[in-house]
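> The following comprises the amino acid sequence and a computationally predicted model.
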Amino acid sequence: MPVELTGKVALITGGSNGIGAASARRLASLGVRVVVADIDADQGKVVADEVGGVFVRCDVTQPADSAAAVETAVREFGGLDIAFLNAGIGTGCSLGDDFDVERYRRAMAINLDGVVYGVHAALPELQKRGGQIIATASMAGLMPMPGDPVYGANKAAVVGLVRALAGAYSDIRVNALCPAFADTNIITPLRSTLEDIGMPILPVSAVVDAFMSIVEGSGTGEAWFVQSGRESEPFAFRNPPGPRAADGSRVEAAKKDPISIALKES
(Lines give C-alpha, C1' and ligand atoms only; values in the text may rest on other atoms or scores of the structure.)
Protein backbone atom coordinates (compact mmCIF):
# COMPACT_ATOMS: atom_id res chain seq x y z
CA MET A 1 0.00 0.00 0.00
CA PRO A 2 1.45 3.40 -0.97
CA VAL A 3 2.52 5.61 1.92
CA GLU A 4 0.46 8.80 2.23
CA LEU A 5 2.86 11.74 2.27
CA THR A 6 0.44 14.62 1.69
CA GLY A 7 0.89 17.24 4.40
CA LYS A 8 4.17 15.83 5.69
CA VAL A 9 7.03 18.28 6.24
CA ALA A 10 10.58 17.69 5.00
CA LEU A 11 13.80 19.59 5.63
CA ILE A 12 16.51 19.07 2.99
CA THR A 13 20.06 20.30 3.50
CA GLY A 14 22.06 20.78 0.34
CA GLY A 15 18.69 21.33 -1.26
CA SER A 16 19.66 23.89 -3.89
CA ASN A 17 20.99 21.43 -6.49
CA GLY A 18 21.70 17.82 -7.38
CA ILE A 19 20.17 15.08 -5.24
CA GLY A 20 18.73 17.54 -2.74
CA ALA A 21 16.88 19.64 -5.31
CA ALA A 22 15.60 16.58 -7.18
CA SER A 23 14.36 15.05 -3.94
CA ALA A 24 12.60 18.31 -3.05
CA ARG A 25 10.78 18.20 -6.38
CA ARG A 26 9.78 14.55 -5.95
CA LEU A 27 8.51 15.06 -2.41
CA ALA A 28 6.61 18.21 -3.34
CA SER A 29 4.91 16.36 -6.19
CA LEU A 30 3.53 13.97 -3.55
CA GLY A 31 2.15 16.72 -1.36
CA VAL A 32 5.08 17.16 1.02
CA ARG A 33 5.84 20.67 2.26
CA VAL A 34 9.55 21.30 1.85
CA VAL A 35 12.12 23.47 3.56
CA VAL A 36 15.12 23.92 1.27
CA ALA A 37 18.25 24.58 3.33
CA ASP A 38 21.49 25.52 1.64
CA ILE A 39 24.38 27.95 1.77
CA ASP A 40 23.58 28.96 -1.84
CA ALA A 41 20.73 31.41 -1.29
CA ASP A 42 20.16 32.33 -4.92
CA GLN A 43 19.67 28.81 -6.23
CA GLY A 44 18.05 27.64 -3.01
CA LYS A 45 15.31 30.24 -3.35
CA VAL A 46 14.73 29.17 -6.95
CA VAL A 47 14.17 25.56 -5.87
CA ALA A 48 12.00 26.56 -2.91
CA ASP A 49 9.78 28.72 -5.14
CA GLU A 50 9.55 25.93 -7.70
CA VAL A 51 8.29 23.40 -5.14
CA GLY A 52 6.08 25.81 -3.22
CA GLY A 53 8.28 25.54 -0.15
CA VAL A 54 10.45 27.90 1.85
CA PHE A 55 14.17 28.57 1.78
CA VAL A 56 16.48 29.00 4.74
CA ARG A 57 20.17 29.78 4.45
CA CYS A 58 22.02 27.03 6.26
CA ASP A 59 25.73 26.44 6.70
CA VAL A 60 25.67 22.91 8.10
CA THR A 61 29.07 23.41 9.76
CA GLN A 62 27.34 25.78 12.19
CA PRO A 63 25.03 24.15 14.77
CA ALA A 64 22.94 27.29 15.09
CA ASP A 65 22.11 27.17 11.38
CA SER A 66 20.77 23.62 11.62
CA ALA A 67 18.70 24.64 14.63
CA ALA A 68 17.34 27.62 12.69
CA ALA A 69 16.41 25.40 9.74
CA VAL A 70 14.37 23.12 12.00
CA GLU A 71 12.76 26.15 13.63
CA THR A 72 11.78 27.35 10.16
CA ALA A 73 10.02 24.07 9.41
CA VAL A 74 8.10 24.25 12.67
CA ARG A 75 7.21 27.91 12.28
CA GLU A 76 6.14 27.70 8.62
CA PHE A 77 4.56 24.25 8.51
CA GLY A 78 3.87 23.21 12.09
CA GLY A 79 6.42 20.45 12.59
CA LEU A 80 8.88 18.11 10.94
CA ASP A 81 8.50 14.56 9.58
CA ILE A 82 11.56 14.02 7.35
CA ALA A 83 15.08 15.37 7.84
CA PHE A 84 17.13 14.68 4.72
CA LEU A 85 20.69 15.55 5.77
CA ASN A 86 22.14 15.64 2.32
CA ALA A 87 24.73 18.45 2.17
CA GLY A 88 28.18 17.21 1.17
CA ILE A 89 31.40 17.94 -0.70
CA GLY A 90 34.41 16.06 -2.07
CA THR A 91 37.73 16.43 -0.28
CA GLY A 92 40.17 16.86 -3.14
CA CYS A 93 43.29 15.77 -1.32
CA SER A 94 44.98 12.61 -0.14
CA LEU A 95 47.08 12.11 2.98
CA GLY A 96 50.29 12.40 0.97
CA ASP A 97 52.13 15.43 -0.31
CA ASP A 98 48.91 17.15 -1.38
CA PHE A 99 47.34 16.91 2.08
CA ASP A 100 45.68 20.16 2.99
CA VAL A 101 44.52 20.70 6.56
CA GLU A 102 41.91 23.29 5.59
CA ARG A 103 40.36 21.02 2.94
CA TYR A 104 40.36 18.15 5.42
CA ARG A 105 38.65 20.20 8.15
CA ARG A 106 36.08 21.60 5.72
CA ALA A 107 35.19 18.16 4.35
CA MET A 108 34.80 16.68 7.82
CA ALA A 109 32.79 19.70 8.98
CA ILE A 110 30.29 19.45 6.12
CA ASN A 111 30.09 15.70 5.55
CA LEU A 112 30.14 14.49 9.16
CA ASP A 113 29.61 17.40 11.56
CA GLY A 114 26.77 18.65 9.37
CA VAL A 115 24.94 15.35 9.84
CA VAL A 116 25.60 15.33 13.59
CA TYR A 117 24.34 18.90 14.00
CA GLY A 118 21.34 18.18 11.81
CA VAL A 119 20.38 15.11 13.83
CA HIS A 120 20.74 17.00 17.10
CA ALA A 121 18.56 19.85 15.86
CA ALA A 122 15.86 17.73 14.23
CA LEU A 123 15.56 14.93 16.77
CA PRO A 124 13.10 16.54 19.23
CA GLU A 125 10.66 17.55 16.49
CA LEU A 126 10.90 14.21 14.70
CA GLN A 127 10.20 12.33 17.92
CA LYS A 128 6.96 14.27 18.34
CA ARG A 129 5.66 12.89 15.03
CA GLY A 130 7.44 9.57 14.67
CA GLY A 131 9.47 10.95 11.78
CA GLN A 132 12.64 9.88 10.06
CA ILE A 133 16.19 10.93 9.29
CA ILE A 134 17.91 10.08 6.02
CA ALA A 135 21.58 10.98 5.73
CA THR A 136 23.42 10.99 2.44
CA ALA A 137 26.52 8.85 2.77
CA SER A 138 28.11 7.19 -0.27
CA MET A 139 29.31 3.90 -1.68
CA ALA A 140 32.64 5.25 -0.39
CA GLY A 141 31.21 4.62 3.07
CA LEU A 142 30.69 0.93 2.26
CA MET A 143 33.84 0.15 0.26
CA PRO A 144 37.38 1.57 -0.02
CA MET A 145 37.88 4.77 -2.01
CA PRO A 146 41.66 5.08 -2.45
CA GLY A 147 41.32 8.23 -4.55
CA ASP A 148 39.81 10.21 -1.67
CA PRO A 149 40.42 8.46 1.66
CA VAL A 150 39.19 11.40 3.74
CA TYR A 151 35.87 11.34 1.89
CA GLY A 152 35.67 7.61 2.49
CA ALA A 153 36.36 8.15 6.18
CA ASN A 154 33.64 10.73 6.76
CA LYS A 155 31.08 8.81 4.72
CA ALA A 156 31.87 5.58 6.61
CA ALA A 157 31.38 7.58 9.79
CA VAL A 158 27.93 8.67 8.60
CA VAL A 159 26.98 5.03 7.99
CA GLY A 160 28.22 4.06 11.45
CA LEU A 161 26.36 6.98 13.01
CA VAL A 162 23.11 6.03 11.31
CA ARG A 163 23.34 2.41 12.43
CA ALA A 164 24.03 3.44 16.02
CA LEU A 165 21.24 6.03 16.10
CA ALA A 166 18.73 3.48 14.87
CA GLY A 167 19.49 1.36 17.92
CA ALA A 168 19.38 4.32 20.26
CA TYR A 169 16.00 5.74 19.13
CA SER A 170 13.08 3.40 18.59
CA ASP A 171 10.55 6.20 18.08
CA ILE A 172 12.01 7.40 14.76
CA ARG A 173 13.61 5.80 11.72
CA VAL A 174 17.21 6.56 10.73
CA ASN A 175 18.75 5.41 7.44
CA ALA A 176 21.60 6.22 5.06
CA LEU A 177 21.55 6.74 1.30
CA CYS A 178 24.76 5.48 -0.33
CA PRO A 179 24.99 6.36 -4.03
CA ALA A 180 27.91 5.66 -6.32
CA PHE A 181 29.08 8.42 -8.69
CA ALA A 182 25.95 10.41 -9.50
CA ASP A 183 25.52 13.16 -12.07
CA THR A 184 25.93 16.09 -9.66
CA ASN A 185 28.36 18.95 -9.14
CA ILE A 186 30.42 16.91 -6.69
CA ILE A 187 31.88 14.79 -9.51
CA THR A 188 32.79 17.75 -11.73
CA PRO A 189 36.56 17.42 -11.05
CA LEU A 190 36.34 13.67 -11.71
CA ARG A 191 33.96 13.52 -14.65
CA SER A 192 36.51 13.22 -17.48
CA THR A 193 38.46 10.56 -15.59
CA LEU A 194 35.31 8.58 -14.84
CA GLU A 195 34.28 8.73 -18.48
CA ASP A 196 37.75 7.72 -19.67
CA ILE A 197 37.78 4.58 -17.50
CA GLY A 198 34.19 3.70 -18.38
CA MET A 199 32.80 4.23 -14.88
CA PRO A 200 28.99 4.50 -15.03
CA ILE A 201 27.55 7.79 -13.82
CA LEU A 202 24.18 7.44 -12.14
CA PRO A 203 21.31 9.67 -13.20
CA VAL A 204 20.10 11.69 -10.23
CA SER A 205 16.64 10.22 -10.72
CA ALA A 206 17.98 6.76 -9.78
CA VAL A 207 19.29 8.13 -6.49
CA VAL A 208 15.97 9.83 -5.79
CA ASP A 209 14.16 6.56 -6.51
CA ALA A 210 16.25 4.90 -3.79
CA PHE A 211 15.65 7.85 -1.47
CA MET A 212 11.91 7.41 -1.93
CA SER A 213 12.18 3.69 -1.22
CA ILE A 214 13.65 4.63 2.16
CA VAL A 215 11.04 7.33 2.82
CA GLU A 216 8.17 4.99 2.00
CA GLY A 217 9.69 1.94 3.69
CA SER A 218 9.68 0.71 7.27
CA GLY A 219 13.31 -0.17 7.93
CA THR A 220 15.75 1.61 10.19
CA GLY A 221 19.52 1.45 10.61
CA GLU A 222 19.89 0.60 6.93
CA ALA A 223 22.41 1.82 4.36
CA TRP A 224 20.86 1.69 0.90
CA PHE A 225 23.38 1.34 -1.92
CA VAL A 226 22.68 2.85 -5.32
CA GLN A 227 24.78 1.26 -8.07
CA SER A 228 24.44 1.19 -11.83
CA GLY A 229 22.95 -2.06 -13.14
CA ARG A 230 21.66 -3.21 -9.75
CA GLU A 231 18.41 -2.72 -7.90
CA SER A 232 18.93 -0.56 -4.84
CA GLU A 233 18.48 -2.23 -1.48
CA PRO A 234 19.97 -2.16 2.02
CA PHE A 235 23.58 -3.30 2.20
CA ALA A 236 23.83 -6.60 4.08
CA PHE A 237 26.38 -6.04 6.82
CA ARG A 238 28.04 -9.10 8.20
CA ASN A 239 27.67 -9.21 11.96
CA PRO A 240 31.01 -8.81 13.77
CA PRO A 241 31.96 -11.41 16.37
CA GLY A 242 30.38 -10.52 19.70
CA PRO A 243 31.94 -10.87 23.15
CA ARG A 244 32.08 -14.29 24.74
CA ALA A 245 32.84 -15.59 28.18
CA ALA A 246 35.92 -17.70 28.88
CA ASP A 247 33.92 -20.87 28.18
CA GLY A 248 32.92 -19.59 24.73
CA SER A 249 29.30 -18.80 25.59
CA ARG A 250 27.77 -15.57 24.28
CA VAL A 251 27.56 -12.59 26.61
CA GLU A 252 23.86 -11.82 26.43
CA ALA A 253 24.26 -8.41 28.10
CA ALA A 254 26.11 -7.22 24.99
CA LYS A 255 22.80 -7.20 23.14
CA LYS A 256 21.55 -4.53 25.54
CA ASP A 257 24.32 -2.05 24.66
CA PRO A 258 26.23 -2.04 27.97
CA ILE A 259 28.04 1.20 27.09
CA SER A 260 24.78 3.12 26.85
CA ILE A 261 23.52 1.51 30.05
CA ALA A 262 26.71 2.46 31.89
CA LEU A 263 26.54 6.05 30.64
CA LYS A 264 22.93 6.43 31.77
CA GLU A 265 23.72 5.03 35.20
CA SER A 266 26.89 7.10 35.72
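Looks like it arrived, so ask away. Numbering: from 1, shown residues only.
> use CA for all of it now, contacts and neighbours both
OK.
> now stretch 181-188: how far from the chain's centre is it?
Put simply, stretch 181-188 sits 16 Å off its chain's centre (CA atoms, centre = their mean, to the nearest Å).
> residues in contact with that stretch?
Under the contact criterion CA atoms under 8 Å, 6 or more residues apart in numbering, stretch 181-188 has outside partners 17-19, 89-90, 200-204, 207.
> Sort out which one of those lies nearest Ser232 for me.
Comparing those against Ser232 with CA to CA places Val207 closest, at 8.9 Å.
> what pairs with the helix or strand hosting Ala83, and is each one parallel or antiparallel?
If you go by DSSP states H and E, Ala83 is part of strand 82-85. Next to strand 82-85 in the sheet, as set by DSSP bridges, lie strand 9-13 (parallel), strand 132-136 (parallel).
> and stretch 194-207, how far out from the chain's middle?
Taking mean C-alpha positions (CA atoms, centre = their mean), stretch 194-207 and its chain are 20 Å apart.
> returning to what we had before: can you select the buried ones from the contacts of stretch 181-188 in PyMOL?
Buried residues within the contacts of stretch 181-188, by 16 or more other CA atoms under 10 Å, are selected in PyMOL with:
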select buried, resi 17+18+19+89+90+201+202+204+207
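> Now the element after the lengthiest helix in the chain, going C-ward?
Longest helix in the chain, counting residues (DSSP state H): helix 149-168. Next in sequence after helix 149-168, counting helices and strands by DSSP H and E, comes strand 173-179.
> Met139 reaches Pro179, doesn't it?
Yes: the pair Met139 / Pro179 is scored as a contact, 5.5 Å apart, by CA atoms under 8 Å.
> Between these two, which has more neighbouring residues?
Pro179 (26 against 22; other CA atoms under 10 Å).
> can you pull up the bridge partners for the more buried one?
Counting by DSSP bridges, Pro179 forms beta bridges with Val226.
> What does the pLDDT read for the residue nearest the centre of the chain?
For the chain, the residue nearest the mean C-alpha position is Ala135 (1.2 Å; CA atoms, centre = their mean). Note for Ala135: predicted pLDDT of 98.
> show me the residues around it that make contact.
84-86, 115, 158, 162, 174-177.
> Swap in 7 Å and give it another go.
By CA atoms under 7 Å, 6 or more residues apart in numbering, Ala135 lies in contact with 84-86, 115, 175-177.
> Serialize the strands paired with strand 82-85 to CSV and add fields for distance to Pro243.
CSV is the format used below for the strands paired with strand 82-85 (distance: least, CA to CA, whole Å):
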stretch, distance to Pro243
strand 9-13, 39
strand 132-136, 30
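> Of those, which is nearest Gly53?
Once the strands paired with strand 82-85 are compared by CA to CA, strand 9-13 is nearest, at 9.7 Å.
> any idea which helix or strand comes after that closest one?
Using DSSP H and E, the helix or strand that follows strand 9-13 in sequence is helix 18-29.
> Quick one: distance of that next one to the chain centre.
From the chain centre to the centre of helix 18-29 is a distance of 14 Å (CA atoms, centre = their mean).
> List the buried residues for it?
Of all the residues in helix 18-29, those buried under the rule 16+ other CA under 10 Å are 18-28.
> Same check on stretch 143-163?
For stretch 143-163, the neighbour count (16+ other CA under 10 Å) marks 148-159, 161-163 as buried.
> and if you look at stretch 104-123?
Buried, per 16+ other CA under 10 Å, within stretch 104-123: 104, 106-119, 121-123.
> what's the spacing between that stretch and its chain's center?
10 Å.
> Contacts for it next, please.
Here stretch 104-123 makes contact (CA under 7 Å, 6+ apart) with 60-61, 63, 66-67, 70, 83, 85, 87-91, 135, 154, 158.
> Nice, that's everything, thank you.
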